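predicted model and sequence below, questions to follow.
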Amino acid sequence: MKLPFFIAVISLLCCSASPLTAQKEKPSGFFAPADTLNKARTYTLIGGTSAGYVATMIGLNAAWYSDFERSEFQFFNDWGEWNDMDKAGHFYSAYNESLILMYGGIWAGMPRKKAMWLGVGFGALFQTSIEVLDGFSAKWGFSVGDIAFNTGGLALLAAQELAWQEQRITLKFSAHPVSYPQTIVNATNGDGTTTISDRTADLYGTKFYETFLKDYNGQTIWASVNLRSFMKKKNSKIPRWLNVAVGYGADNLLGGFANVWTIDDLNYAASPANFPRRRQFYLSFDVDFTRLKTRRPFVKGLLICLNALKFPAPTLEWNTHGGGFRFYPVYF
């Protein structure tokens, strides 16, 4: 369950990203991008990024991997685990980490193309380092699938910059609280009972921030497409900020590959009929916050950070368990 950590990293980067802004106007001030390469800003950016990388690796190793048994380097085939929500998380995280660092390079006065390669390089380094740590964990292993989705996120950023010098398709995240029933589950190898809500509390936590970051059943990863940027006519009546978003989510995930778990040597399994593991696909409207007009660089930076989240909007869902279509007046 590495997606929660990736979302937290994106949030941390965004909290420090208010100066990471690029716009055609060149106002003065700390938050405005430099016209030419600014050595002080460049050293600050590279030094801060390097320090953040080292601190993150040390902290992650101490707070996460130290709780699990180590092993010799190994590979792990995790295709299908958590209905591939973690793969979508890799795609999202690699893209947004690189995007934020690219804006950091622009703030420092780098040409946009060089800033893009800076972002891609950092994103590749960070994500690959995570996989190496996984490779030495007995519980997981180095995942080729994770690397593939990391590469996909980096490639999406780079391809758009090379083709259009802008990001017309952005990756976004949304999450909502899920209410779980008190359905009783009996042990399959002895006398013992638990409930679905107890299982999800153990997996995802109970506090708002825990479920927001951890609960795969309430999370959606979106590809948000800006409509007007693909129009040939620049005087299109379509608002420049209006996007259409396609989302991916999952439901009834109570375990990695199956809804089975163990408590004190007692094995439990949720009924597939009552809790079918579903893949969900969404179609919705969205807002590209970076295309909202503002002359204030600080505000522009905040909008760049906000753009990592999907705007709540009417949404249509289709899932893989025969549920048909479902309409949400507002979905987040």
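Good, I have the coordinates.

Gly119 touches Ala108, doesn't it?
No - in this structure, Gly119 is not within contact of Ala108 by Cβ atoms under 8 Å, at 11.9 Å. C-betas here are computed from N, CA, C, even on glycine.

for the two, indicate the residue with more neighbours.
Gly119 (27 against 23; other Cβ atoms under 10 Å).

how far out from the middle of the chain is the strand or helix carrying that one?
Element membership of Gly119, judged by DSSP states H and E, is helix 112-135. Relative to the centre of its chain, helix 112-135 is centred 15 Å away, using Cα atoms, centre = their mean, to the nearest Å.

quick one: buried residues of that helix?
Across helix 112-135, burial judged by 16 or more other Cβ atoms under 10 Å covers 115-120, 122-124, 126-128, 130-131, 133-135.

show me what that helix is packed up against.
In terms of contacts (3 or more Cβ pairs under 8 Å, 6 or more residues apart in numbering; DSSP states H and E), helix 112-135 is packed against helix 39-63, helix 85-107, helix 144-164.

what residues are up against Val225?
Arg168, Ile169, Asn243, Val244, Ala245, Val246 (Cβ atoms under 8 Å, 6 or more residues apart in numbering).

circling back to that earlier point, looking at the helices and strands packed on helix 112-135, which is nearest to Phe289?
helix 85-107 (12.9 Å; Cβ to Cβ).

and the helix holding Gly119 with helix 39-63, angle?
20 degrees (axes from the mean of the first three to the mean of the last three Cα atoms, to 10 degrees).

how big is the angle separating helix 112-135 from helix 144-164?
Using the same axes, to 10 degrees: helix 112-135 against helix 144-164 is 180 degrees.

which regions of the stretch 201-332 of the chain sit below the pLDDT cut-off?
The stretch 201-332 of the chain contains residues with pLDDT under 70 at 234-235.

show the average pLDDT along the helix holding Gly119.
With pLDDT averaged residue by residue, helix 112-135 scores 93.

tell me the SS of the residue lying farthest from the centre of the chain?
Within the chain, Asp191 marks the point farthest from the mean C-alpha position, 40.5 Å out by Cα atoms, centre = their mean. Counting by DSSP: H, G, I helix; E, B strand; the rest coil, the backbone at Asp191 sits in coil.
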